[in-house]
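> Using only what follows, build the 3D model:
(2 chains)
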Amino acid sequence: MAAPLPSSNRIHHTVPARAGAGLKGEHIPLILDELPDVGFFEVHAENYMGDGGAPHRALEAVREQYPLSLHGVGLSIGGENPLDRDHLMRLKVLNERYEPGLFSEHLAWSTHDTIYFNDLLPVPYDAETLQRVCDHIDDVQDVIGRQMLLENPSTYVAFERSTMGEIEFLTEIVRKTGCGLLLDVNNVYVSCTNHRQDPIDYLAAFPMDKVGEIHLGGHAPDEDDEGRPLLIDAHDREVDVAVWALYESVIGRCGAFPTLVEWDNDVPAWPVLYSQVQAADTILTQAVPADLKHAS
Amino acid sequence: MQADRISRERKAPDGNGDFGQALLDASLPSPDGVIGPDGKPAPKRFNVYRNNVIVSLIEALGDTFVAVRRLLGDGYFGALAREYIVHHPPTSPVLIWYGKSFPNFMAGFPPLQAYPYIADVGRLEWAWLQSYHAADAEPLDPAVLGDVAPDAVGQVRIERHPAARLISSPWPIYSLIQANRFAPDDPPAVDMQEGQDVLVARPEIEVDLLCLPPGGAAFLEALFDGAALEDAAGRALTAAPEFQLPVCLQTALSAGVFSALVPDNGQGHLSAKDDATRGAL
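All right, here's what the predicted structure looks like:
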């Protein structure tokens, strides 16, 4: 593993309360060439777990120009097995190497008995799962030595054994572990639609004072077993109008947060993604600064 | 109190295990206790996860085995990949490492027996990926070899660069990977009677593929295995009497497939510890 860049090469350590974009390999040459006005970039940690070569070279170049957010997708924090120590160490090494301003993972599981399923799988909301997730988050924050943000999931099923709601579950995790939250507004809309709940009520109850970052992304429409709308968290298109409206109301009510636009499948040309980032930035710049809001 | 303790200690149903098994085995019903908003079982909803798992992993394999997918066509590749995924699911969340055994799986897949070259194209694509992600290292400066005393040159051992790989095949895998991946618009002629030995090198960032002349593969395989220059040349001549040492050494040096001369400390240095090379050979 190459030595980390000296910190002095990097001017940005903190991710600002502006809009950022998910970093895609095909956009990197253009980004480095034109240096578009983007608040930050976010990468999936697992894409940078090779030893060297082009991915690290490119990320180091981007990191010199922009603040970075590191987003893990494979740690399986909600899983029944203990955390994968090797994977945890790889996340630690990436945190040390790239010094991201934000580090986040998911309320989900993806690995069981050595099999990695490559999807963010749902967890039941009960006391036993709560304890396990909290133990895992304590472990992550101990090993990596920093606060992590936990992302609310998009889900398609529920569990009979759940005994509490998602917000109660997330709030308890934050209280017990001191982690922060990553509020994915698209996930809120997807899950609330899928479970026939009101996303406005969900957002009104969400502990916004613990939120360190917001995600926006596109979803695909489908139908459930009864022929009712089922939304798939596909990240394959523009942010939906309904999600923009929810986002605007959250920002209007709570102030500006670092906001990522995710587009992971059927990735468009950079200008298309950039226009989504600019749309989020426009909403953010109209927001009353969070500190003034809190002061009033 | 007692009842409470017992219920707390009662082992929970193996939720992840049942859920995971049903994800990979479409013949199983959706797991117990997995429900929709009305509290009823919801197989169609569960199938969203099944679909996510299989489709995303087919895509991951397709990103690694680009030429294989093109050779087989998307439909056949998808069906083959699904079969592989179900029997050999990933064991790491780092998907750039998923698919190492896919070429062997193809080689042993009866319906592909008529297309034996496909597995070797897959091996070359796997080697390309390993090279792409390998640790960075300065390639050996060819001048260093010139500084070795003439009577000592034969005993020199040279360390493989971490991004160097070698794939030998009785099939024209270099031409096939060019035609189906790297140069589809300007494909080379493919002579199915021709075997090709391909050197994979990444002295800096770009991965290069080079077709080796006769004896070249035996020579480099021996060097990468820790043999001295003289012994490696001997093995190459045995394999191919027309082997030309200066040409082949020059090719390898300029491709950047060495990182350093192995210090002459007697026993001990064999790159056998490096199973990446072994796996590739």
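
> any idea where the helices of the stretch 151-296 of chain A begin and end?
A:166-177, A:185-194, A:199-205, A:241-254, A:270-285, A:290-295 (DSSP state H, counting those that start in this stretch).

> Among the ones you listed, single out whichever gets nearest to residue B:43.
Proximity to residue B:43, assessed across the helices of the stretch 151-296 of chain A by Cβ to Cβ, is greatest for helix A:185-194 (14.8 Å). Bear in mind the C-beta positions are built from the backbone N, C-alpha and C, glycine included.

> Centre of the chain to the closest one, how far?
14 Å (Cα atoms, centre = their mean, to the nearest Å).

> Name the residues that touch that helix?
A:151-156, A:166, A:197-199, A:202-203, A:206, A:214-219, A:224, A:229-233, A:239-240, A:242-243, A:246-247, A:250, A:262, B:37, B:45 (Cβ atoms under 8 Å, 6 or more residues apart in numbering or on different chains).

> Buried members of those into PyMOL, please.
This is how PyMOL selects the buried members of the contacts of helix A:185-194, with burial counted by 16 or more other Cβ atoms under 10 Å in any protein chain shown:
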select buried, (chain A and resi 151+152+153+154+155+156+166+199+202+203+206+214+215+216+217+218+219+224+230+231+232+233+239+240+243+246+247+250+262) or (chain B and resi 37+45)
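
> So which residues on the stretch 51-200 of chain A come close to chain B?
A:51-57, A:73-76, A:79-81, A:84, A:87, A:90, A:109-119, A:121, A:124, A:128, A:156-161, A:194-196 (Cβ under 8 Å from any Cβ of the partner chain).

> Buried only: go through the residues you listed for me.
Using 16+ other Cβ under 10 Å as the burial test, those include A:52-56, A:73-76, A:79-80, A:84, A:87, A:90, A:109-112, A:115-119, A:121, A:124, A:156-159, A:161, A:194-195 as buried.

> Look up how far residue B:131 lies from the residue of the stretch 151-281 of chain B found nearest chain A.
Here the residue of the stretch 151-281 of chain B nearest chain A is residue B:205; by Cβ to the nearest Cβ that distance is 5.0 Å. Going from residue B:205 to residue B:131 by Cβ to Cβ, to the nearest Å gives 11 Å.

> which residues are in contact with both of those two?
Going by Cβ under 8 Å, 6+ apart, residues that sit against residue B:205 and also against residue B:131 are residue A:53.

> Those two: who's more crowded?
residue B:131 (23 against 15; other Cβ atoms under 10 Å in any protein chain shown).

> my read is the more buried one is in a helix, agree?
Yes. Judged by DSSP: H, G, I helix; E, B strand; the rest coil, residue B:131 forms part of a helix.

> give me every residue that touches the residue lying closest to residue A:248 once chain neighbours are set aside.
Distances taken as Cβ to Cβ, 6 or more residues apart in numbering or on different chains place residue A:283 nearest to residue A:248, at 5.2 Å, with adjacent residues excluded. If you count contacts by Cβ under 8 Å, 6+ apart, residue A:283 has them with A:244, A:247, A:248, A:251.

> and the gap between the nearest residue to the first one once chain neighbours are set aside and chain B?
The reference is to residue A:244. Of all residues not flanking residue A:244 in the chain, residue A:279 sits nearest, at 7.3 Å (Cβ to Cβ, 6+ apart). Remark: distance between residue A:279 and chain B (Cβ to the nearest Cβ, to the nearest Å) = 27 Å.

> if I pick residue A:279, what's in contact with it?
Counting by Cβ under 8 Å, 6+ apart, residue A:279 touches A:19, A:239, A:244.

> For chain B, state which of those residues is nearest.
Once Cβ to the nearest Cβ is applied, the member of these that ends up nearest chain B is residue A:239, at 20.2 Å.

> okay but that closest one is in contact with residue A:218, surely?
Yes. At 5.8 Å, residue A:239 counts as touching residue A:218 under the criterion of Cβ atoms under 8 Å.
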